[in-house]
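Structure here, sequence nowhere to be found:
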C-alpha cells in the first residue's frame, strides 16, 4: 500500500484574500511508496512547505483526491484522523520548542501520543527516558545539550533538537522541511545521512524539502521539483540534468525530453553553476 496517493490535488491557503488568487498547489499528482525516500526541490514560494503541510494533514485540499495509507483522511471523524496523524511526523524548518523547556523534555515530547496523561505530566519533572533522548541527540552531535534549556541553543542546534524528536517518533512517514538552513556543510551531511538511515531502518517513507540541490541529488534517489505550485518534474536523480535545474530556478521552460545524466559529478557541477 502506498504511503500517499495524490491525484489532481489543489490546495488553497486559508489566508488567501479571494478565490481569484492562484492556489498554493495546483493539479498535484503524486504517488509515494512505503519506505521510499525523495527530495522536494524548487525556488522559494514554489509550494514545498505547503506540500509537506498537506501530507501531514495540516492543510485540507480544496479539490482532487488525497489518500494517506489507503484512506482519505478528510472523510474520517476527528478521532480517527488524529490516530492517522500519529503515523506522520512533520519536522518544520523552525521547530516549535518551548523556550524555557529543557532539551531532554522537548525531545521526549515525540512520545506524548504513546503516553498517558499522567506519564506525560510526570516526565515534565523527571524525564521518563533520558537515555533514549541522549541517544537521539547524539546522532546529531548534540548529546552534550541534553539538560540545556531550549532558549540557550543556537538556530542550528534547535533544528537538530527538532530532528532528534523525529528519531523517537514511531511515525511511518517522516516529513522534513528545510532541515539544513542553519547548518554547516559537515553537519548537513551528517543530518541527511542520519535521516536516511533512520527511515531505512524502520521502513518509513522520507520526504525532505531542500534548497541545497547538490545535496538532494547526492542523497535522494527520487527528485520532485515544484514551481509555482505545480510539479515541474518527478524523476530518478540519474535523469535530472543541469539544464532542468537551470530551468527550474531561472524560470526557463524545462527541456521537452530530458536525457539521463550518467555522471553524478557533472550534475553537481551543473547545479553549482546555476544557483
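Arrived safely, thanks for sending. The structure presented is a predicted model; accordingly, all values stated were derived computationally and were not measured.

so what's residue 67 bridging to?
Under the criterion DSSP bridges, residue 67 forms beta bridges with residue 5.

pretty sure it contacts residue 5?
Yes: assessed by Cβ atoms under 8 Å, residue 67 is found in contact with residue 5 at 4.4 Å. Placement of C-beta: from N, CA and C, glycine included.

just so I have it, where are all the strands in the stretch 151-275 of the chain?
With DSSP state E, counting those that start in this stretch as the criterion, the stretch 151-275 of the chain has strands at 173-177, 205-209, 222-227, 230-236.

Redo those strands as TSV? Include mean pLDDT, distance to residue 73 and mean neighbour count.
Below are these laid out as TSV (pLDDT from 0 to 100; distance: least, Cβ to Cβ, whole Å; neighbours: other Cβ atoms under 10 Å):
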stretch	mean pLDDT	distance to residue 73	mean neighbour count
strand 173-177	97	12	23
strand 205-209	98	15	25
strand 222-227	97	21	22
strand 230-236	97	21	17
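
Using a markdown table, please lay out these together with distance to residue 23.
A markdown table is the format used below for these (distance: least, Cβ to Cβ, whole Å):
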| stretch | distance to residue 23 |
| --- | --- |
| strand 173-177 | 19 |
| strand 205-209 | 18 |
| strand 222-227 | 13 |
| strand 230-236 | 10 |
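
Relative to residue 133, which of those strands is closest?
Proximity to residue 133 (Cβ to Cβ) singles out strand 173-177 among the strands of the stretch 151-275 of the chain, at 18.0 Å.

strands paired with that closest one, and their directions?
Take DSSP bridges as the rule and strand 173-177 pairs in its sheet with strand 88-91 (parallel), strand 205-209 (parallel).

And the contacts of that strand?
With contact meaning Cβ atoms under 8 Å, 6 or more residues apart in numbering, strand 173-177 is reached by 3-4, 48-49, 52, 55-56, 68, 87-93, 163, 166, 195, 198-199, 204-209.

Now render the strands paired with strand 173-177 as JSON lines, adding distance to residue 178.
Output for those, formatted as JSON lines (distance: least, Cβ to Cβ, whole Å):
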{"stretch": "strand 88-91", "distance to residue 178": "9"}
{"stretch": "strand 205-209", "distance to residue 178": "6"}
